[in-house]
Every structure is written in C-alpha cells, then in structure tokens.
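# need a 3D model of the following:
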Amino acid sequence: MGCNDSDCIEGRFLGKLAGFDLFVRLLQTIKLLEQMLIFSRVAEMASFTRAADSMGLPKASVSQAVQQLEARLGTRLLHRTTRRVQLTQDGQACYERCQDLLADVDEFQGQFQQAGDAPLQGKVRLDMTTGLARHVVMPLLPQLLQSHPALELELSCTERRVDLVREGFDCVLRLGPVDEPGLVARPLGLVALATCASPGYVQAHGLPATLQDLGGHRLVHYQRTLGARPLGFEYEEDGQPRYLPMAGALTVNNAEAYLAACQAGLGLIQVPRLAVQPLLDAGELVEVLPRHPPPPMPLYLIYAQRRQLPRRVRVLMDWLAEAVLPWTLGAGPAEKP
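The predicted structure follows:
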C-alpha cells in the first residue's frame, strides 16, 4: 500500500531526524572520549607541553580540550601554575573514572579481535636501555613491524630511570631492582654480566688472575647520578654481592661512553654480557676474572596497574619477553598481564 499522506511523510521525516540525532550523539561521544584521553595524559605528565609533545598535538589544542571537558562537567579539574599542573579533588576522581572508561573502550575493541588474526594498530610508547635496544630489540623489530604495519612505536633509549606514568610510557624494559609503588613488574629472568678490558689495556697492565691482583688495576666507574660514591668492583661470593674498592680516573653515566672508555684502554668495565658478547667473540675485548663474575641483574617489564591493558601493549610486551629470552639465565614464573 502506498504512503503518500501526511502521516507517512511525517514518519519518514521523524525517522531521518532520529538517525541524525543518533549521529550527533555519536560525534559528541567521540569528542568526549578524545577530551578524556587528553585530560588523562595531562594529568599523568603534570604538564600541558609534555602531554602535547607526547601526543603529537599543538599545545593550544590540548588546553582547549581540557577546558571543554571542564565546561562539560561544570567543575575545575586542574590547578594550573607557572611551574606545574596538579589535579583538583574533582580532577582526581575524574582521572580515575577516565582510566576505567578508556580501558573499557580498549577492552571492547579487543574483545572482537582475534589475537592471531587482527594486526596491531595504534601507538605504543616504551623505554629501555641503549644496550637492550641496540643488541636485542632492533635486530628483531623489522619482523614485528612487517607483521603489524599499522603499529607505531615510540622508543626511548636512556640510562636514567624514567617516570613511567608522568612521562606517558606504556611499558618499560628495565635492568635492576624495581621499587616504584603502583607499578606492575613482570620478571623476565636474570641477565648475566661480564668484566671486560681492551687488549691494549691487558698488554699495558697485565691480566689479573685473582681478586687480589685488582689492586694494580683501574676501574671505569659507572654512576647514573654523577657525584655519587662508586661502589667499586662487584663480584659474587656465597650467593651474595661483594664490592672491592678500586681506583679509577673516569666516571660516566652513559652506557655508550662506558663501553668506549673500556675500548680506549681506560680501565675495566662490568656490563651485561649481551652488550659485549660480539666484541668478546671478535677479540676486541677480553673477559677478566670469568670465575668471579658480577651478580646477574634482574630484568623486568614494568607497566602501570590497570584493569585492562590495550591489546597492542599486551602483545608487544609478550613479544619483548620472547626477544630477551635467549639472553636471560631463566625467567621466573610470572603470569602474563
């Protein structure tokens, strides 16, 4: 039966109006999620500038998004000063709720993606030492990105201990103990260390055969914070770390400089074996006192405590765990997130 009367016309008009209203609400929801994401990043990094840089957005756009969210909620979320940004009481409650809602969105999206079928997409920010990046991750990275061409990685390589939450990292691959509250540390195993010297240093000063022989040798000191007192030569005895004070004319806070100092003949160094094994195999470095190696260092994957991690972060962390496995002495019984 035809529909030419005014009732049918009105029905079609109302149907289109309802569809338009649904479309508008969808756009508003997308805009709200964007504002929540930007606000969360500002809250985590305590800075509009750092949040804008980490998200690849103009600072003005970040500021506007937060202002729009505050206007929508009818409350001030941030205390803004010339030095830093702090959450208000309402801002803290909003941030916690945003984390839950954004995690729900990621979980909803991942629920309908089969891990073996759907390529990863989106951006992941991670941090690790220069040695881990150069010798472990970079050689394997082309294969990962070939399998997931829509995946974007922002890789920070530094020897300092980054603030995972405030600097906006999804995960950190870290050597050494972890003591930050509120973070999850997934143990990946122990990484062996070696004491090394250059052939030129050995020719000039001899090769120590015992710990007592170290009195006539120099150590290149490594300190993350310059000015701190060096611990000295580290070795293991009866399962416990021991330190033997040693002279040294140079202290560095960078892994590349540490290795370069050794190659230049400035003294002994103690480094993760993964960083020097090719040089030992090629005869460009000499292992010193192999019967008294430094204690192995624990290796962790660190990430923020959340109810649900994005699938791209979970998959990348599992990939990193597999990548470092050949260089570890044995992983603990850690469960995947």
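# when you work out contacts or count neighbours from here on, use the C-alpha atoms and nothing else.
Will do.
# mind listing the helices for the stretch 151-300 of the chain?
All helices of the stretch 151-300 of the chain, identified by DSSP state H, counting those that start in this stretch, fall at 199-205, 255-263, 273-281.
# so how far is Ile38 from Gln89?
Gln89 sits 18 Å away from Ile38, going by Cα to Cα, to the nearest Å.
# for stretch 229-240, which positions count as buried?
230, 232-235 (16 or more other Cα atoms under 10 Å).
# and for stretch 264-280?
265-277, 279-280.
# cross the buried residues of stretch 229-240 against strands and list the overlap.
The strands, defined by DSSP state E, take in 233-235 from the buried residues of stretch 229-240.
# coming back round to it: ok, so of the buried residues of stretch 264-280, who is nearest Leu214?
Leu268 (9.9 Å; Cα to Cα).
# now Gly91: which helix or strand?
Using DSSP states H and E, Gly91 sits within helix 89-111.
# mean confidence (pLDDT) on that helix, please.
Averaged across helix 89-111, pLDDT comes to 76.
# contacts for it, please.
33, 36-37, 39-40, 43, 75-78, 306-311 (Cα atoms under 8 Å, 6 or more residues apart in numbering).
# returning to what we had before: out of the helices of the stretch 151-300 of the chain, which is closest to Arg242?
Here helix 273-281 is closest among the helices of the stretch 151-300 of the chain (Cα to Cα), at 19.2 Å.
# sorry, back to before: more crowded one of Gln89 and Ile38?
Ile38 (24 against 13; other Cα atoms under 10 Å).
# tell me which element the more buried one is part of?
helix 6-45.
# quick test: name the residue nearest the centre of the chain.
Val172 (2.5 Å; Cα atoms, centre = their mean).
# I'd like to know how far that residue sits from Pro187.
The value you get for Val172 to Pro187, if Cα to Cα is used, is 12 Å.
# also Ala209?
34 Å.
# any low-confidence regions in the stretch 1-150 of the chain?
1-24, 26, 106-118 (pLDDT under 70).
# was I right to think Phe169 contacts Asp127?
Yes - with contact defined as Cα atoms under 8 Å, Phe169 counts as touching Asp127 (7.2 Å).
# what is the one helix or strand Ala321 maps to packed up against?
In the assignment (DSSP H and E), Ala321 maps to helix 311-324. With contacts defined as 3 or more Cα pairs under 8 Å, 6 or more residues apart in numbering; DSSP states H and E, the packing partners of helix 311-324 are helix 89-111, strand 121-128.
# related to what we said a few turns ago, any idea which helix or strand comes after the helix holding Ile38?
helix 48-55.
# for the closest residue to Ala275 other than its chain neighbours, what are its contacts?
The shortest distance from Ala275 to any non-neighbouring residue, by Cα to Cα, 6 or more residues apart in numbering, is to Gly131 (5.7 Å). Gly131 makes contacts with 255, 274-275, as judged by Cα under 8 Å, 6+ apart.
# and what of Ala255?
130-131, 159.
# nearest to Val165, of these?
Glu159 (17.4 Å).
# my guess is the closest one meets Thr129, correct?
Yes - at 5.5 Å, Glu159 counts as touching Thr129 under the criterion of Cα under 8 Å.
# quick check: domain ranges of this structure?
Following automatic domain parsing, one gets these domains for the chain: 6-111, 121-187+299-327, 193-287.
# next secondary structure element downstream of the helix or strand encompassing Leu132?
Secondary structure from DSSP H and E places Leu132 in helix 130-132. Going down the chain from helix 130-132, the next helix or strand is helix 138-147, by DSSP H and E.
# list the buried residues in that following helix.
Judged by neighbour count using 16+ other Cα under 10 Å, helix 138-147 contains no buried positions.
# CA-only coordinates of it in CSV, if you can.
C-alpha atoms of helix 138-147 as CSV (Å, rounded to 0.1, in the frame of the first residue of the first chain):
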residue,chain,number,x,y,z
MET,A,138,66.4,-3.6,16.9
PRO,A,139,67.6,-6.7,15.1
LEU,A,140,64.2,-8.3,15.6
LEU,A,141,62.0,-5.2,15.1
PRO,A,142,61.6,-5.3,11.3
GLN,A,143,59.8,-8.7,11.5
LEU,A,144,57.4,-7.3,14.1
LEU,A,145,56.6,-4.2,12.1
GLN,A,146,56.2,-6.2,8.9
SER,A,147,53.5,-8.3,10.6
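# how about residues contacting that helix?
In contact with helix 138-147 (Cα under 8 Å, 6+ apart) are residues 119, 151, 323.
# between those residues, which sits nearest Arg291?
Using Cα to Cα, the contacts of helix 138-147 come closest to Arg291 at Ala323, 27.7 Å.
# so that closest one touches Val136, yeah?
Yes - assessed by Cα under 8 Å, Ala323 is found in contact with Val136 at 6.7 Å.
# more neighbours: the two, which one.
Comparing Ala323 with Val136 by other Cα under 10 Å, the one with more neighbours is Val136, at 19 against 15.
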